[in-house]
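[1] below are the sequence and a predicted model; questions follow.
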Amino acid sequence: MIYLDNAATSFPKPEVVYQALDRFARESLANPGRAGHKMALAAEHALDDCRHRLNQLFRGSGPERFAFTLNCTDALNMAFKGVLKSGDHVVTTDLEHNSVSRPLVAMERAGFITLTRVTADSGGSVDPDIVRKAIIPKTRLVALGHASNVLGTLQPVAEVGRIARERDVLYLVDAAQTAGVVPIDLQALHIDLFAFPGHKGLLGPTGTGALYVAPRVKIGAWREGGTGGDSSNPTQPAEYPYFLEGGTPNVLGVAGLAAGIQYVEEQGLDRIRSHEVRLTERLWRQLDELDGVEVFGHRDFDQRVGTLSFRSATLPAAELGGILDQAFDIAVRPGLHCAPYIHKAIGSYPDGLVRVSPGPFNTEEDIDRLVAALKEVTGF
Ligand SMILES: Cc1ncc(COP(=O)(O)O)c(C=O)c1O
């Protein structure tokens with residue numbers, strides 16, 4: 001299988017991640033606890049180790065501000081449901097994934113919040129000035145994805161962060177497509193809430209993610225329960241990260257995630273991103289040669305991650321994706337990519353596009369084989 005669906009989840013993982021998972025599962029897979037036996041302490045140590053790595057990588061204000069979650073969706077829900085109050089206004093964009101737009105629309109329909117969805121330009125970039133103009137006195141939160149999961153375009157996170165801070169509005173960044181690929185300095189970017197998966201660019205296993213909550217944010221507990229210490233308290237202990245982490249965490253996944261983060265840091269984020277972007281650039285150049293193929297998004301490769309979406313004039317995206325899978329053993333992602341608003345805006349709704357997202361282990365040959373398959377299928 002030629003796997004080109006890394007925007008959904010990365011595959012394969014680095015060898016060190018498989019080794020870490022195997023080792024941890026055999027030796028240390030106890031229920032973590034600060035007041036426990038040696039194996040419980042070892043499991044707790046694995047959580048701490050990963051939190052320290054995340055805090056260093058993203059320049060957070062402390063490892064305890066990172067709460068582990070199931071995935072990025074879980075982190076986003078934790079943020080929205082823990083922070084928003086009745087009557088709040090939220091600014092977001094039409095590039096967002098359903099994990100941002102669905103909880104917000106549900107709150108809007110329930111009459112709990114009001115919502116402004118600013119539109120990206122036709123190439124998939126949001127103008128910070130439009131965000132500025134959308135902020136009103138009732139605005140409590142601006143929620144922005146760092147990169148579009150459809151078009152691969154990077155968004156102006158620094159400018160929007162400055163605007164949010166100037167207006168004293170909370171700033172949430174969804175880094176599903178950039179964590180582990182683009183350097184991020186949470187404090188310099190004025191990010192208050194930062195949601196990311198562990199299983200995409202950070203190369204950890206599925207079932208991992210985290211929410212960073214800056215000290216200035218007041219958030220309610222998302223799930224309450226046992227925390228491996230301080231059992232006498234009748235309610236969730238106020239101490240971070242336990243305040244946000246009731247229940248047995250995915251400590252095995254987190255042990256794998258720590259190995260993924262270490263691998264990404266050793267390789268260098270810039271090197272990984274430029275490898276992935278170079279592969280999409282190669283693909284785009286070859287698609288230019290094919291009649292009837294239309295590629296979407298800005299072509300400025302400095303402002304992109306390695307994700308590219310296109311359609312063919314002869315075959316709907318779903319059919320093309322199915323043929324690539326069944327006849328050529330090539331995994332791409334056809335459809336709407338959980339981001340219906342941007343597909344509507346660029347005219348690819350409801351059929352969607354074919355998304356190609358190479359990862360660190362893909363090669364130029366993978367791209368050339370995809371293009372050869374496309375030529376054969378579409379007859380161009
Ligand atoms: C931009 C964006 N946000 C959020 C998510 C949700 O991530 P997860 O699958 O980890 O819940 C995705 C997943 O593809 C995404 O691309």
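    Arrived safely.
[2] which of the residues in stretch 300-318 are buried?
    Neighbour counts over stretch 300-318 (16 or more other C-beta atoms under 10 Å) mark 303-312, 315-317 as buried. Bear in mind the C-beta positions are built from the backbone N, C-alpha and C, glycine included.
[3] what average pLDDT does it get?
    The average pLDDT for stretch 300-318 rounds to 97.
[4] A strand includes L29, no?
    No: L29: not assigned to a strand; according to DSSP: H, G, I helix; E, B strand; the rest coil it is coil.
[5] circling back to that earlier point, of all the buried residues of stretch 300-318, which comes closest to E289?
    Of all the buried residues of stretch 300-318, E289 sits closest to F310, with 12.7 Å by C-beta to C-beta.
[6] hmm, D94 is touching I342, no?
    Yes: D94 is in contact with I342 according to C-beta atoms under 8 Å; the separation is 5.5 Å.
[7] which neighbours do the two have in common?
    Common neighbours of D94 and I342, counting by C-beta atoms under 8 Å, 6 or more residues apart in numbering, are A120.
[8] next up, the contacts around P358.
    By C-beta under 8 Å, 6+ apart, the residues touching P358 are L4, N6, E276, L279, T280, G306, D366, I367.
[9] and with 6 Å instead?
    Contacts for P358 were tallied using C-beta atoms under 6 Å, 6 or more residues apart in numbering; they are L4, E276, L279, G306.
[10] so which of the residues you listed is the most crowded?
    G306 (30 neighbours; other C-beta atoms under 10 Å).
[11] out of D94 and I342, which sits in the more crowded spot?
    The neighbour comparison of D94 against I342 (other C-beta under 10 Å) goes to I342, with 28 against 20.
[12] doesn't the more buried one lie inside a helix?
    Yes: judged by three-state DSSP, I342 forms part of a helix.
[13] surely it touches L151?
    No: with contacts counted by C-beta atoms under 6 Å, I342 stays clear of L151, the gap being 7.1 Å.
[14] need the mean per-residue confidence for stretch 162-173.
    Stretch 162-173 comes out at a mean pLDDT of 98.
[15] next one: that stretch to chain centre, how far?
    When distances are taken as C-alpha atoms, centre = their mean, to the nearest Å, stretch 162-173 is centred 20 Å away from the chain's centroid.
[16] burial count for D129?
    12.
[17] okay, helices next: where are they in this protein?
    Applying DSSP state H to the chain gives helices spanning 15-27, 38-58, 72-83, 98-109, 128-134, 157-166, 251-267, 269-288, 317-328, 340-346, 364-378.
[18] the residue in the stretch 251-380 of the chain that the ligand sits nearest to: what's it in contact with?
    With C-beta to the nearest ligand atom as the measure, C338 is the residue of the stretch 251-380 of the chain nearest to the ligand, at 6.3 Å. C338 makes contact with H97, N98, according to C-beta under 6 Å, 6+ apart.
[19] for it, give its distance to R355.
    11 Å (C-beta to C-beta, to the nearest Å).
[20] could you point out where this protein is predicted with low confidence?
    Applying pLDDT under 70 to the chain flags the ranges 380.
[21] burial check on the closest residue to R299 other than its chain neighbours, number of neighbours?
    Among residues not flanking R299 along the chain, W284 sits closest, at 7.2 Å (C-beta to C-beta, 6 or more residues apart in numbering). Residues contacting W284 under the criterion other C-beta under 10 Å number 19.
[22] go on, A345?
    With neighbours defined by other C-beta under 10 Å, the count for A345 comes to 17.
[23] now do the same contact list for it.
    Going by C-beta under 6 Å, 6+ apart, the list of residues near A345 reads D94.
[24] can we see that at 8 Å?
    The contact partners of A345, taken as C-beta under 8 Å, 6+ apart, are D94, T119, A120, S122.
[25] most neighbours of all those, which one?
    Highest neighbour count within these, by other C-beta under 10 Å: A120, with 23 neighbours.
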